[in-house]
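Asker: predicted structure and sequence below. I'll ask about it afterward.
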Amino acid sequence: MAKDPALNADKCIFMEAIQGDGGVHNPNNVWWLSPDIKLTGPISGLDKADPDHDNSVEVTFHMQAAILNQCVLPAGTESITAEFWVGNPSLAMTPDNPASTTKIDAIGSPIPADGASVTKVFMWNPPSGLDPADPQSPGHKCLIARSYPDPLVPSTTSFFAPDDQHVAQHNICIVPCGGPGAARRPGPCGFEVTTVNPDRERAQRVTLRAIVDLHPGTFVEKVVLERLRAVQGFKRLTTRPPQGFRFELRDFPHAEVNDNTKLGCLGLLLGGKDRRSYDAQIEMKPGQLTRFKFKADLSGSDFGDAYIFHLRQIGDDKRDQGGLTIVMVAV
């Protein structure tokens, strides 16, 4: 992607993709776990929505310290607008497709002091009885927030994630697999994911990629463990790879697949035992929305093991369009 041309006039306001990045988003990292968006369901907890209840959403934005880049807000700025959007577990997300996201709210905030951070709290009360495909349906939610000076009007067709400093995405789902008495040993586990071609004007050949993260960095480990502590039966982040994982692409039965989840002897000799991945290349129509299932075989694990999978969508320009972390726990 690129940066939102409608927000280019501002270099001062930013949101972090990874804690401490100062608004300089690294698209090669796990950029979709932003610490600047936090959803808490009063019953279900982090990252989940409870219908007919007030769900707290915290959106944090930051003001660059003038000493760093001598930023100047656009002429006429009187306040900062903070907004947040919600969707079902997703890779790419767009603001102009109601099946992809719903804009929940936008509020103004006074201009922050030099170098300051501001957190705005939204109360979101999603209705009950919605179709599971509705972005406001209960359960795991993926979130996008934008913050920008009020004279500016951001794009209505693209979020420009991950590159734009005014945009942050928080997409993580914790998936207990099995359950007490469900099986004598762990087995297959699946999870439904939504994605969209963010380009409404042209078709794209995109790559859907999944990797298993057996040695997460400090930031990812912190985010994941904060959520796993609430999962009954969780014991450890495993360093043993799963038996395999894949996509079930109902809309793309002829996808071109590259399965590196079961490395042979040569792969092991080359040190590839921890770099297991699964790629699928698909041809998406302009603006096409699709749903698919991510499946993992946990039959070689022990109860209590948790596996971190990072899913990403890569456009035909080789740049990220969306990402999602799925943590599967054998319980």
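Answerer: Arrived safely. Numbering: from 1, shown residues only.
Asker: can I see the domain layout of this structure?
Answerer: Domain assignment for the chain, taken from automatic domain parsing, gives 5-170, 174-330.
Asker: end-to-end on the first one?
Answerer: By that I understand domain 5-170. Using Cα to Cα, to the nearest Å, one end of domain 5-170 lies 23 Å from the other.
Asker: shift numbering so it begins at 46
Answerer: Shifting the count to begin at 46 puts that one at domain 50-215.
Asker: for the record, mean pLDDT for that domain?
Answerer: For domain 50-215, mean pLDDT rounds to 94.
Asker: run through the helices of the chain in chain order.
Answerer: 111-114, 263-273, 310-314 (DSSP state H).
Asker: who touches the longest one?
Answerer: Around helix 263-273, the neighbours that count as contacts under Cβ atoms under 8 Å, 6 or more residues apart in numbering are 63-64, 75, 78, 80, 91-92, 217, 219, 258, 261, 279, 282, 351, 353, 370, 372, 374. C-beta: built from backbone N, CA, C; applies to glycine.
Asker: grab the most central residue of the chain for me.
Answerer: By Cα atoms, centre = their mean, the chain has its centre lying nearest to Asn216, at 2.4 Å.
Asker: gap between that residue and Asp95?
Answerer: As judged by Cβ to Cβ, to the nearest Å, Asn216 and Asp95 stand 19 Å apart.
Asker: got it, and Gln288?
Answerer: Note on Gln288: its distance to Asp95, by Cβ to Cβ, is 34 Å.
Asker: what residues are up against the residue found closest to Arg245 once you drop the neighbours it is linked to in the chain?
Answerer: Once flanking residues are discounted, Arg245 sits nearest to Gly332: 3.9 Å by Cβ to Cβ, 6 or more residues apart in numbering. With contact taken as Cβ under 8 Å, 6+ apart, Gly332 is in contact with 139, 142, 241-242, 244-245.
Asker: which of those residues ranks first by neighbour count?
Answerer: Thr139 (27 neighbours; other Cβ atoms under 10 Å).
Asker: pretty sure that residue sits against Asp244.
Answerer: No: contact criterion Cβ atoms under 8 Å: Thr139 and Asp244 do not qualify, at 9.2 Å.
Asker: what pairs with Ile353 across the strands?
Answerer: When assigned by DSSP bridges, Ile353 has beta-bridge partners Val372.
Asker: what distance do you get for it to Pro140?
Answerer: 29 Å.
Asker: Ala178 too?
Answerer: Distance of Ala178 to Pro140, given as Cβ to Cβ: 18 Å.
Asker: what about these two, which has more around it?
Answerer: Pro140 (20 against 12).
Asker: ok, now which ones touch the more buried one?
Answerer: Neighbour list for Pro140: 130, 146, 148, 200-204 [criterion: Cβ under 8 Å, 6+ apart].
Asker: which of those count as buried?
Answerer: Buried members of these, scored by 16 or more other Cβ atoms under 10 Å, are 130, 146, 200, 203-204.
Asker: so where do the strands sit in the stretch 46-195 of the chain?
Answerer: Secondary structure of the stretch 46-195 of the chain (DSSP state E, counting those that start in this stretch): strands located at 58-59, 82-86, 90-91, 93-94, 100-108, 125-132, 147-154, 162-169, 184-185, 187-194.
Asker: what comes up buried for the fifth one?
Answerer: Of the residues in strand 100-108, those scored as buried under the neighbour-count criterion (16+ other Cβ under 10 Å) are 100, 102-108.
Asker: below-threshold pLDDT in the stretch 246-376 of the chain: ranges please.
Answerer: Within the stretch 246-376 of the chain, the stretches with pLDDT under 70 are 308-319.
Asker: so which bits of stretch 252-266 are buried?
Answerer: Buried residues in stretch 252-266 (16+ other Cβ under 10 Å): 252-259, 261, 264-265.
Asker: ok, so of those, who is nearest Pro119?
Answerer: Of all the buried residues of stretch 252-266, Pro119 sits closest to Phe264, with 31.6 Å by Cβ to Cβ.
Asker: from Lys83, how far off is that closest one?
Answerer: From Phe264 to Lys83 the distance is 15 Å (Cβ to Cβ).
Asker: re earlier: CSV for the contacts of Gly332, including distance to Ser192?
Answerer: Shown next, in CSV, are the contacts of Gly332 (distance: Cβ to Cβ, whole Å):
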residue, distance to Ser192
Thr139, 19
Asn142, 22
Val241, 23
Asn242, 26
Asp244, 25
Arg245, 25
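Asker: and Arg320, how many neighbours does it have?
Answerer: Per other Cβ under 10 Å, the neighbour tally for Arg320 reads 14.
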